[in-house]
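Student: All I have is the shape, not the residue letters:
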């Protein structure tokens, strides 16, 4: 039999202590020296298959008790110590293994306490959302820097007037119709920066990288021409609008340097969109095209995502557009980009309902889904959803795909070309609402008989009636 080495010192020590044996007595029973047993208990010598069989024979122990007992505990502990609250205390893997194997009851208690903490934090978040919907004070929870930045940006209008003005001035300075060549020439002429597109093998992990020593800006060939343009525009805006962007970041009143660094990136992205689609020209074109995103993307030479994102920025007081809001999700339903011309309507819309067409869009990539949706309180919205293609990978790589939802209050439907996609009333020929009933999120929604419900509402007790089986596994009273 091939010899398999297993380090299980803490488990051997627990077995010995449980039987009230000294190291000498246990070593004698196993036919080894006390010093060798001492090395085994300190994980300085492995258990061989022969020793495992001897332990099973002499002390009536199942061999499985000595093999990999702590693997699940180590994984659970690693998850707990990866929490932002404990990130500064993260021990190495060896320390986690020692904790899991040397003190299994204590490690199980740590995991149990952490899971209870997470459950309470999730419930507090749900209650915070519920209170926000009712106009009451919200409950604060621990946030990563990126969470703080997203929360701040989502709650304010997605419009930065000083950046818009500078972007229009910059666009006029560049002149011409082809923005990318103009930007490259400006970077070369003013700062000696040369733009190079590099192959995936040379730059596998970055979209954009600026080498200050060689004065070269590298762009990944993974990116579409539209995204390459945005990356070059971001670098140019970070150079020319540095003072304005820094002032806007300061005005956000973020709590950490990391949050301010992330906000600077987001505002550079905003500035790039403003440069690529100057406010006055884009607003005029949007009104003439009745906010047709495909028309706008062609007119300004941008992607669907960039044009849709720009629609949420039309908040100039003297020249307002339809107050759109935007939500971007991935296959797993993770929401990682939300914005709105008046702030993302978290309290009124939510955006976490599984019945939204943004989730169905993954089944038909590239297809535009238009729906009217209705909240439990009667608020109605027009939503436009479509998938987005991310950076291109090699043959063996799975491409990144997300889906975007852009929406507005149903009252603006007559201003939008997309309203014609809604079902028409048989007699009048007008577009009927035929709104899809949705909710802000399953844990905040009290709609009964919902086939898409994934969680019970936090506001209602579960209906545990053995004589009745409802449409959902989370029936409530």
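Tutor: Alright, I've got the coordinates. Quick caveat: nothing in here was measured; it's all calculated off a predicted structure. Numbering: from 1, shown residues only.

Student: Quick check on residue 203: phi, psi?
Tutor: phi -130, psi 70 (degrees, to the nearest 10).

Student: residues contacting it?
Tutor: Each residue near residue 203 by Cβ atoms under 8 Å, 6 or more residues apart in numbering is listed here: 209, 218, 220. Yep, even glycine has a C-beta here, placed from its N, CA and C like the rest.

Student: can you map out the strands along the chain?
Tutor: Using DSSP state E, the strands found in the chain span residues 194-198, 208-211, 216-220, 325-330, 335-340, 369-374, 380-389, 401-409, 436-437.

Student: ok, back up a step: just the buried ones from the contacts of residue 203, in PyMOL syntax?
Tutor: Of the contacts of residue 203, the buried ones go into a single PyMOL selection, burial set by 16 or more other Cβ atoms under 10 Å:
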select buried, resi 218+220
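
Student: can you list the contacts of residue 203 in a markdown table and add distance to residue 24 and pLDDT?
Tutor: Putting the contacts of residue 203 into a markdown table (distance: Cβ to Cβ, whole Å; pLDDT from 0 to 100) gives the following:
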| residue | distance to residue 24 | pLDDT |
| --- | --- | --- |
| 209 | 64 | 91 |
| 218 | 67 | 94 |
| 220 | 66 | 91 |
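
Student: Distance check, the most centrally placed residue in the chain against residue 402.
Tutor: Residue closest to the average C-alpha location in the chain (Cα atoms, centre = their mean): residue 336, at 3.7 Å. Using Cβ to Cβ, to the nearest Å, we find residue 336 at a distance of 8 Å from residue 402.

Student: now do residue 146
Tutor: For residue 146, the distance to residue 402 - Cβ to Cβ - is 17 Å.

Student: Look at the two and report which has more neighbours.
Tutor: residue 402 (19 against 14; other Cβ atoms under 10 Å).

Student: Around residue 33, count how many other residues there are.
Tutor: Other residues close to residue 33 by other Cβ under 10 Å number 13.

Student: Touching, it and residue 27? I think so.
Tutor: Yes: with contacts counted by Cβ atoms under 8 Å, residue 33 reaches residue 27, the gap being 6.0 Å.

Student: Tell me which stretches of the stretch 251-400 of the chain form helices.
Tutor: Along the stretch 251-400 of the chain, the segments classed as helices by DSSP state H, counting those that start in this stretch run 257-276, 279-288, 293-300, 304-311, 357-360.

Student: okay if I get these as JSON lines plus mean pLDDT, distance to residue 183 and mean neighbour count?
Tutor: As requested, these are exported to JSON lines (pLDDT from 0 to 100; distance: least, Cβ to Cβ, whole Å; neighbours: other Cβ atoms under 10 Å):
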{"stretch": "helix 257-276", "mean pLDDT": "95", "distance to residue 183": "8", "mean neighbour count": "20"}
{"stretch": "helix 279-288", "mean pLDDT": "97", "distance to residue 183": "17", "mean neighbour count": "17"}
{"stretch": "helix 293-300", "mean pLDDT": "96", "distance to residue 183": "14", "mean neighbour count": "18"}
{"stretch": "helix 304-311", "mean pLDDT": "96", "distance to residue 183": "15", "mean neighbour count": "24"}
{"stretch": "helix 357-360", "mean pLDDT": "93", "distance to residue 183": "33", "mean neighbour count": "20"}
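
Student: so can I have a markdown table of those helices showing distance to residue 245?
Tutor: Below are the helices of the stretch 251-400 of the chain laid out as a markdown table (distance: least, Cβ to Cβ, whole Å):
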| stretch | distance to residue 245 |
| --- | --- |
| helix 257-276 | 5 |
| helix 279-288 | 17 |
| helix 293-300 | 22 |
| helix 304-311 | 17 |
| helix 357-360 | 30 |
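
Student: and the gap between the closest residue to residue 238 other than its chain neighbours and residue 172?
Tutor: Of all residues not flanking residue 238 in the chain, residue 268 sits nearest, at 5.0 Å (Cβ to Cβ, 6 or more residues apart in numbering). Computed as Cβ to Cβ, the residue 268 to residue 172 distance reads 20 Å.
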